[in-house]
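Chemist: Okay, structure incoming, though there's no sequence with it:
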């Protein structure tokens, strides 16, 4: 499931990037994944996470979301055992040949917020071999 992962160092402590690939038709729909990521957070008051979509120059469709607030405890064995206030989640589904790729970044908002533009740049640079 998890194809790659990396630590993201920053002022609030480390965040984490995880990349998932399940093959053609695997991993669920774009909408289901975006909603699952939103549901993993308790968004900050007054914020309503809104997925956004763009097309890369290489023809990949990217749907992504940015959610800040409280990262909820995980019951799936991955993620925090207790609530993590002051967190941020960046999630993206990249649709292309061979099936969708899933990118998820979580960690302290003070770390991840400063990496938002880098995350988008990475997504815009996605290409096949």
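Modeler: Cool, the structure landed. As the structure is a prediction and not an experimental result, all values here were calculated from the model.
Chemist: Excluding chain neighbours, what is closest to the spatially most central residue of the chain?
Modeler: Residue closest to the mean C-alpha point of the chain, counted by CA atoms, centre = their mean, is residue 91 at 1.9 Å. Closest residue in space to residue 91, ignoring its immediate chain neighbours: residue 37 at 3.9 Å, by CB to CB, 6 or more residues apart in numbering. Where you see a C-beta, it was placed from the backbone N, CA and C, and this is true even at glycine.
Chemist: what does residue 107 give?
Modeler: residue 15 (2.3 Å).
Chemist: Next, work out how far apart that neighbour and residue 56 are.
Modeler: According to CB to CB, to the nearest Å, residue 15 stands 23 Å off from residue 56.
Chemist: List the residues that contact residue 95.
Modeler: With contacts taken as CB atoms under 8 Å, 6 or more residues apart in numbering, residue 95 has the following neighbours: 30, 60, 61, 62, 63.
Chemist: Go again with 7 Å.
Modeler: The neighbours of residue 95, taking CB atoms under 7 Å, 6 or more residues apart in numbering as the test, are 30, 60, 61.
Chemist: of these, closest to residue 118?
Modeler: Each of the contacts of residue 95 was checked against residue 118 using CB to CB; the closest is residue 60, at 17.8 Å.
Chemist: Which pLDDT value belongs to that closest one?
Modeler: pLDDT, residue 60: 95.
Chemist: Where does the prediction get shaky in the chain?
Modeler: Segments of the chain classed as low confidence (criterion: pLDDT under 70) are 76-78.
Chemist: these two touch, right, residue 43 and residue 69?
Modeler: Yes. Taking CB atoms under 7 Å as the contact criterion, residue 43 and residue 69 are neighbours in contact, 4.4 Å apart.
Chemist: So for those two, which sits in the more crowded spot?
Modeler: Set side by side, residue 43 and residue 69 show more neighbours around residue 69, with 19 against 14, by other CB atoms under 10 Å.
Chemist: give the contact list for the more buried one.
Modeler: Residues in contact with residue 69 (CB under 7 Å, 6+ apart) are 41, 42, 43, 44, 87.
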